[in-house]
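>>> Quick one, fold the following:
(chains A and B)
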Amino acid sequence: MVGEPLLELRDLHVTYPSLQGPVRAVRGVDLTVRAGTVVGLAGESGCGKSTLASTVLRMQAPSAQVSGEVLVDGEDVMTMRWGRLRAVRWAEASMVFQGALHSLNPVRRIGQQIAEPITLHEPKTTARAAALRAGELLERVGLPANRARSYPHQLSGGQRQRVMIAMALACSPRLLVADEPTTALDVMVQAQVLDLLTGLVRDLDLGLLLISHDLSVLGTTCDRVAVMYAGRIVEEAPARAVFADARHPYGKALSAAFPTIGDPASRRAPRGLAGDPPFPGALPVGCSFEPRCPSAIGACSSTDPQLLPAGPDRQAACLRVAADGSWLSPEPTRQETP
Amino acid sequence: MSQPPLLELRGLQVHYAGARGAPVRAVDGVDLTVRRGEIIALAGESGCGKTTLARTVLGLERPAGGQILVDGVALGSRRRELTAWRRRVQLVPQDPMGSLNPRRTVLDAVAEGLRIHRLPGDERALVIDALERAGLRPAERFLGRFPHELSGGQRQRVLIAGALVLGPELLVADEPVSSLDASVRGAILALLLKLRDELGLTVLVVTHDLGLAWNIADRLAVMYLGRLVEVGPTEEVLADPQHPYTQALLSVVPESRHLKPIVLRGEPPDPAKIPNGCRFNPRCPALASGRASAVAGSCTSVGLEVLHGTGEHEAACWLSASPALRPLSY
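The predicted structure is shown next:
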């Protein structure tokens, strides 16, 4: 059962001015997150995924130029009046940031920090009622309610990340955006936090946009995954399909970088991708992945591929992927690099 | 084999002063033999003591007990001995940006070890050689660059060059790829494998990433609360983990998709409060589910022997101590 769309990005562009000329961080992204689903956004540092996340609540840098639409529950965040935006933040959509230690105030108790958005958004709430809600929220994320009296430094990394999630839930939003919520955490704690997030999506019918550089995490947690490269989505498909059977050469390289334990093919054979992503201020004319692509053909350096159907229920932006998802000849002009 | 192993840890103990006087036993009895040309991965959660163990191997922490044998001879604590050892063992730090001085060039960063150890020879030529071995070619182009002009993968290669320039026998790599992008990760791991194959380097990799162990390690040692709980050839440990902790750790790695995740509750344990009996017993899923009920008395009261860490597959678990009760496979 597919829920209603909570977030729709339509032809989103974000450009930063810089001394070297405009830096096109996001270049035409369409993405939908529906209620009750987890959508993953994968990509390397500098691919534009955090810039994209910041636009959902209009938190991009003031100098950034944005075009396109960001619809939260059908309303365009970019053209909203300030008062309405304040209401949408926290109450309709909220963010879980990476680096929980730096996002919490070190000199205030956890409970006060969770209660703050509640008292701001519902001014009639008494301090007592807000504190009670904070306690309930802590229990909701698997911490005892009396932890409300702790300071951030008294909690472990995983506990702090749970507090960040409790805070994001404070005003009962329908949409959560989590930017690298588990990056600094141990595998076991990472599994706990991901379990918590997917449980919340299921129980509260939330929509979750989960951003990570770790395709293996997204592959096991999300319903759908979009792979981003140089400001564009280059592949979009059911999560398993991206991880197990990517169509785009970049998606393939990214999933091959995570070995399957027990698979003899990856034993003593780590795989990566040569080269570095292009600087977003100086993108190649054709496909932005062409300089690193092991399967590039002549046309790739002049034609910028669009995101097109690539088999049932999936899309890819590659000249060599046919509409039914099959691989088009001619044979690659370069050797595959291991 | 007549030649003694490059490195042997015997009953190694490393303690820190705790907050209330009680010592924090960060490394609490570890035996491990590291042979020449071997890549050993040391895996575990934060706080399990793996970084402390690595620092002790580097001669940066003084053991509270036990011995470190180099070529079969105990490593002393005198300055001269330690300095000589520190030339033979080199650290590849994690976090390439934080480990490089932003105001010093690649040449200075790589040559630092040469200058500290006052080695003779053409510094520039040695640095160029090390950079090329680390895969930065042509090396001359990188000498004058600053860290901010390099990509994450290039910075990690500069750090590896800095370790290689002294011609070490053992590299200790602390989470060498955890802060790198996925596409770069494979290239750096391939480099470590290549260095072992071409230079015969021995590598001790500290990591929480079991996929990394599968990618490059000959042997895998899993550490929990200051002790090794399971050690053996990587294929055997990962294909057939014996210790419930290894089983849980493996099941939550996204790369092992066929396993049912066993998510341990609670936080990584506190080395200031090591439980009696098996140190994993408060979190052990086998004990909680009743699978270990036949040995439960031992689990909570009788400590386990220290593993030998010499080569064969071993696990410090009462369940595998009695073969009739071998855990069912997941």
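
>>> same for the host helix or strand of residue A:128, what does it pack against?
Applying DSSP states H and E as the criterion places residue A:128 in helix A:127-140. On a contact count with 3 or more C-beta pairs under 8 Å, 6 or more residues apart in numbering or on different chains; DSSP states H and E, helix A:127-140 meets helix A:110-121, helix A:157-168. (Each C-beta comes from the backbone N, C-alpha and C, glycine too.)

>>> so which of those helices comes closest to chain B?
Of all these, helix A:157-168 sits nearest to chain B, with 6.6 Å by C-beta to the nearest C-beta.

>>> and the angle for the helix or strand following the closest one with helix A:157-168?
Counting by DSSP H and E, the next helix or strand C-terminal to helix A:157-168 is strand A:175-179. Strand A:175-179 runs at 150 degrees relative to helix A:157-168, counting by axes from the mean of the first three to the mean of the last three C-alpha atoms, to 10 degrees.

>>> Tell me the buried residues in whichever helix or strand comes after strand A:175-179?
Next helix or strand after strand A:175-179 toward the C-terminus (DSSP H and E): helix A:187-204. By neighbour count on 16 or more other C-beta atoms under 10 Å in any protein chain shown, the buried set for helix A:187-204 is A:187-194, A:196-198, A:200-201.

>>> Go through these and name the one nearest chain B.
Closest to chain B, out of all of these and judged by C-beta to the nearest C-beta, is residue A:191, at 3.8 Å.

>>> which residues in chain A form strands?
Along chain A, counting by DSSP state E, strands occupy A:5-16, A:23-34, A:38-42, A:65-72, A:75-76, A:93-96, A:175-179, A:207-212, A:224-229, A:232-238, A:308-309, A:315-316.

>>> In CSV, list these along with mean pLDDT, mean neighbour count and distance to chain B.
Output for these, formatted as CSV (pLDDT from 0 to 100; neighbours: other C-beta atoms under 10 Å in any protein chain shown; distance: least, C-beta to the nearest C-beta, whole Å):
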stretch, mean pLDDT, mean neighbour count, distance to chain B
strand A:5-16, 96, 19, 18
strand A:23-34, 96, 21, 16
strand A:38-42, 96, 27, 9
strand A:65-72, 96, 17, 26
strand A:75-76, 95, 14, 33
strand A:93-96, 93, 24, 19
strand A:175-179, 95, 24, 16
strand A:207-212, 96, 26, 10
strand A:224-229, 96, 26, 10
strand A:232-238, 96, 25, 13
strand A:308-309, 95, 14, 24
strand A:315-316, 96, 25, 18
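
>>> Does the residue of the stretch 1-150 of chain B found nearest chain A belong to a helix, a strand or coil?
Nearest residue of the stretch 1-150 of chain B to chain A (C-beta to the nearest C-beta) works out as residue B:45 at 4.6 Å. Of the three states, residue B:45 takes coil under DSSP: H, G, I helix; E, B strand; the rest coil.

>>> ok, how many other residues are close to it?
21 (other C-beta atoms under 10 Å in any protein chain shown).

>>> quick one: it from residue A:192, how far?
According to C-beta to C-beta, to the nearest Å, residue B:45 stands 12 Å off from residue A:192.

>>> check contacts around the closest residue in space to residue B:47 that isn't next to it in sequence.
Among residues not flanking residue B:47 along the chain, residue B:268 sits closest, at 4.7 Å (C-beta to C-beta, 6 or more residues apart in numbering or on different chains). Taking C-beta atoms under 8 Å, 6 or more residues apart in numbering or on different chains as the criterion, residue B:268 is in contact with A:156, A:186, A:188-189, B:45-48.
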